[in-house]
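Q: okay, sequence plus prediction incoming.
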Amino acid sequence: MAQSKKNHFINPTKSPFFYGYIILVIGAIGVYCSIPGQTIGVSVFTDPVKDALGLSRNQFSNAYMIGTIISSLVIGRAGVWFDRYGARYVAFFATLTLVTTLFLCSWSVQMSEFIKNTLNNHTWWIPFSLMTCLFFLLRFAGQGVLTMASRNMIMIWFDKNRGKVNMFSSVALSFGFSSSPIWINTLIDNNGWEITWRYFAIGLLIFSVLVFLFYKNKPEEHGLLPDGDSNRTNPKEENKVLAHKQFTLKEAMNTRSFWMYGLMLAFNSFFITGLTFHVVSIFASEGFPKSDAISIFLPGSVVAVTVSTVFNWLSNRLPLKLYLYLMLLGGILASIGFLFLTTPIGKPFLIVGFGIMGGFFAVLNALAWPRFFGRDHLGAITGKIMSFLILASALAPSIFSLCFSTFNSYSLVGYLGLAFLMFLVLGSLKANNPQ
């Protein structure tokens with residue numbers, strides 16, 4: 001512990017209030033700073049970047065998909081790094097990687113032309129391969145490592161109040177993420193996509209300094225306890241309260257809860273990503289205008305924020321298994337609304353359903369893993385779960401598109417979704433808290 005304090009410029013024990021609240025703020029900012037690597041942050045750049053590189057929409061989308069899939073295959077290793085080196089160093093190097101990648105993205109046209117001229121080859125494969133590599137780095141560092149390290153750090157600094165602090169961060173991030181396409185699009189319109197990516201890079205470079213100064217790994221490393229509890233000074237007493245059996249990744253993967261909760265969260269990523277990516281086409285295929293398609297997101301966000309706020313607050317009083325089944329109910333409602341979009345229940349079911357799923361996703365993805373499996377191997381466990389989520393989000397646009405191009409309808413996605421959810425309903429009957 002003494003060594004740990006030497007390596008920190010800011011000593012949490014000198015804070016006039018519990019340092020975990022600084023962790024809450026800086027960790028939430030860290031998740032927000034991952035936007036350049038999230039789908040919602042990348043999608044705004046799609047049209048200007050693909051046109052500048054001479055790529056078709058399918059080629060650009062496939063580069064994004066391949067880069068994301070590769071990211072999902074290696075993100076589990078970042079979880080191991082988190083357990084070994086802690087949030088501070090992992091988030092710091094993830095931020096620097098994201099900074100470097102954003103600068104490279106802003107120079108992607110020049111890099112592509114340089115490679116083409118060097119190889120005397122002007123095929124589309126060159127910008128395609130270049131963007132695949134850049135998308136891998138964006139998704140790995142942004143959506144993957146920085147998000148995981150920041151969220152895990154917050155959860156480690158709290159125990160009894162974990163649900164309440166997750167409530168505040170979830171609400172702030174929901175509004176922050178939902179508004180980001182607006183200001184990103186404004187920056188692109190005013191400055192161009194290359195300068196906008198450089199602005200992001202400079203902002204993240206400044207944030208990396210804050211990461212190095214304020215990110216802390218565990219309260220125990222600084223002589224503190226989660227929640228700022230000053231009454232637990234006896235280590236044996238501390239273990240009784242915090243204690244949980246500390247599951248390794250292998251042990252966690254041998255439990256039914258790991259798979260049922262993980263697959264439900266992955267289904268949410270799959271459905272929401274596919275719906276967002278193809279929403280205009282989905283509604284157009286049923287005879288609705290673009291304005292109707294876009295209009296579903298605001299009320300859906302209101303439902304999601306309401307659900308996450310209420311159930312984060314109640315999380316210490318209610319079993320998470322109830323949350324899982326309510327999230328499954330949301331998925332079923334969304335799938336039914338998806339299938340019967342032209343009926344009076346279609347649009348309301350879809351909005352309420354994906355809103356419920358999104359709200360419980362914010363709760364379960366943060367609270368389930370430390371509560372079920374402890375904190376010692378949280379990085380490895382959440383890294384594996386993150387790989388499920390990234391893979392699901394990577395496959396969704398192509399699977400939705402394949403269903404439509406093959407059957408001239410998106411209905412098959414809805415039926416497959418219902419079948420998968422019914423499997424989870426049955427499989428989750430014994431998905432109890434392993435503790």
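A: Great, that's in hand.
Q: contact partners for Ile202?
A: For Ile202, the contact set (C-beta atoms under 8 Å, 6 or more residues apart in numbering) is empty. C-betas here are computed from N, CA, C, even on glycine.
Q: just Val99 next, same as before
A: By C-beta under 8 Å, 6+ apart, the neighbours of Val99 are Ala201, Leu204, Leu205, Ser208.
Q: cutoff 10 Å now
A: Each residue near Val99 by C-beta atoms under 10 Å, 6 or more residues apart in numbering is listed here: Pro36, Ala141, Phe200, Ala201, Ile202, Gly203, Leu204, Leu205, Ile206, Phe207, Ser208.
Q: ok, Leu367 next?
A: With C-beta under 10 Å, 6+ apart as the criterion, the residues that contact Leu367 are Met155, Arg162, Gly163, Asn166, Phe311, Asn312, Ser315, Asn316, Leu320, Tyr323.
Q: give me the neighbour count for the third one.
A: What it means is Gly163. 21 (other C-beta atoms under 10 Å).
Q: do the same with the second one
A: As a burial measure, Arg162 scores 22 neighbours (other C-beta under 10 Å).
Q: and the residue most central in space within the chain, what's its pLDDT?
A: What sits nearest the mean C-alpha location of the chain, by C-alpha atoms, centre = their mean, is Gln143, with 5.7 Å. Gln143 is assigned 85 on the pLDDT scale.
Q: excluding chain neighbours, what is closest to it?
A: Nearest residue to Gln143, sequence neighbours excluded (C-beta to C-beta, 6 or more residues apart in numbering): Gly37, at 4.7 Å.
Q: where's the one you found relative to Thr147, distance?
A: Distance of Gly37 to Thr147, given as C-beta to C-beta, to the nearest Å: 8 Å.
Q: which residues do these two both contact?
A: Common contact partners of Gly37 and Thr147 (C-beta under 10 Å, 6+ apart): Ala94, Ala141.
Q: give me the distance between Pro348 and Phe388.
A: From Pro348 across to Phe388, the span is 30 Å (C-beta to C-beta).
Q: next: Ser112.
A: Ser112 is 33 Å from Phe388, by C-beta to C-beta.
Q: now do Val25
A: According to C-beta to C-beta, Val25 stands 29 Å off from Phe388.
Q: do Ser174 as well
A: 22 Å.
Q: toward the C-terminus, what is the element adjacent to the longest helix anywhere in the chain?
A: In the chain, assigned by DSSP state H, the helix with the most residues is helix 57-106. The helix or strand immediately downstream of helix 57-106 is helix 108-119, counting by DSSP states H and E.
Q: give the rounded mean pLDDT of that following helix.
A: Helix 108-119 comes out at a mean pLDDT of 93.
Q: buried stuff in that helix?
A: Residues of helix 108-119 classed as buried: Ser108, Val109, Met111, Ser112 (neighbour count, 16 or more other C-beta atoms under 10 Å).
Q: reformat these as CSV; add distance to Arg371.
A: What follows is the buried residues of helix 108-119, written out as CSV (distance: C-beta to C-beta, whole Å):
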residue, distance to Arg371
Ser108, 42
Val109, 47
Met111, 46
Ser112, 47
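Q: so which of the contacts of Leu367 belong to strands?
A: Judged by DSSP state E, the contacts of Leu367 include no members of strands.
Q: and Thr118, what is it in contact with?
A: Contacts for Thr118 (C-beta under 10 Å, 6+ apart) come out as Ile126.
Q: rewinding a little: make TSV from the contacts of Val99 and add secondary structure to it.
A: Output for the contacts of Val99, formatted as TSV (DSSP: H, G, I helix; E, B strand; the rest coil):
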residue	secondary structure
Pro36	helix
Ala141	helix
Phe200	helix
Ala201	helix
Ile202	helix
Gly203	helix
Leu204	helix
Leu205	helix
Ile206	helix
Phe207	helix
Ser208	helix
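Q: list buried residues within those.
A: Buried subset of the contacts of Val99 (neighbour count, 16+ other C-beta under 10 Å): Pro36, Ala141, Phe200, Ala201, Leu204, Leu205, Phe207, Ser208.
Q: so who does the last one touch?
A: It refers to Ser208. Neighbour list for Ser208: Cys33, Ala91, Phe92, Phe93, Ala94, Thr95, Leu96, Leu98, Val99 [criterion: C-beta under 10 Å, 6+ apart].
Q: and the furthest pair within those residues?
A: Within those, Cys33 and Phe93 form the most distant pair, 14.1 Å apart (C-beta to C-beta).
Q: I'd like the average pLDDT over stretch 423-435.
A: Averaged across stretch 423-435, the pLDDT comes to 92.
Q: which residues are contacting that stretch?
A: 243-245, 247, 251-252, 254-261, 263-264, 267, 319-321, 324-325, 327-329, 331-332, 368, 371-374.
Q: and those residues, which of them are in helices?
A: Per DSSP H, the contacts of stretch 423-435 map to helices at 251-252, 256-261, 263-264, 267, 320-321, 324-325, 327-329, 331-332, 368, 371-373.
Q: just the buried ones from those residues?
A: 252, 257-261, 263-264, 267, 320-321, 324-325, 327-329, 331-332, 368, 371-373.
Q: that's all I had, so thanks and see you.
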